[in-house]
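S.K.: What would the 3D arrangement of this be:
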Amino acid sequence: MSNTDIDRNLLFAVLAVHVDLFDVDQLVRACSEWTKEQGSSLAEILIRFGWITPVDKSDVERLMQRRLDRHEGSLKATLAESFSDSLSDSLAQIEDQECCDSLVTLANTTKRSISHSS
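M.R.: Next comes the predicted model:
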């Protein structure tokens with residue numbers, strides 16, 4: 001799975017948490033399952049677990065596109081805007097190396113963005 005695919009799936013999940021479709025503990029569980037099922041999207045796993053519906057998926061995808069448009073299509077910038085330290089700490093429990101690498105990059109981007117805006 002490419003870093004872009006990982007970032008896109010993580011952005012979807014982070015936005016779904018932000019709109020209270022499920023909680024961070026459920027996100028960690030879904031991400032752990034997702035790392036074992038590289039052929040599935042995180043949204044598909046969330047639907048299979050019963051934590052979101054196909055309608056929820058469509059709503060989050062529309063929200064995701066609006067956020068991406070604000071950042072000229074940049075997944076990293078959109079993720080950085082949407083991420084929090086507590087969410088980053090929770091997702092650190094995920095054991096997949098590619099996913100963790102993406103999260104480390106994201107955490108560093110977020111910290112730089114915050115320090116430049118201060």
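S.K.: from memory A13 sits against R29, does it?
M.R.: No - the criterion here is C-beta atoms under 8 Å, and A13 misses it with R29 at 11.2 Å. (C-beta placed from N, C-alpha, C; glycine too.)
S.K.: So the two - more neighbours on which side?
M.R.: A13 (29 against 17; other C-beta atoms under 10 Å).
S.K.: what's the closest non-adjacent residue to that one?
M.R.: In space, A13 comes closest to L42 once its chain neighbours are excluded; the distance is 5.1 Å by C-beta to C-beta, 6 or more residues apart in numbering.
S.K.: swap in L46?
M.R.: If the residues on either side of it in the chain are set aside, L46 comes closest to I52, at 4.6 Å by C-beta to C-beta, 6+ apart.
S.K.: was I right about that neighbour contacting A43?
M.R.: Yes - counting by C-beta under 8 Å, I52 sits close enough to A43 to count as a contact (7.1 Å).
S.K.: quick one: common contacting residues for those two?
M.R.: V60 (C-beta atoms under 8 Å, 6 or more residues apart in numbering).
S.K.: follow-up on the earlier one: pretty sure the residue nearest to A13 contacts D7?
M.R.: No - judged on C-beta under 8 Å, L42 makes no contact with D7 at a distance of 11.1 Å.
S.K.: Thanks a lot, catch you later.
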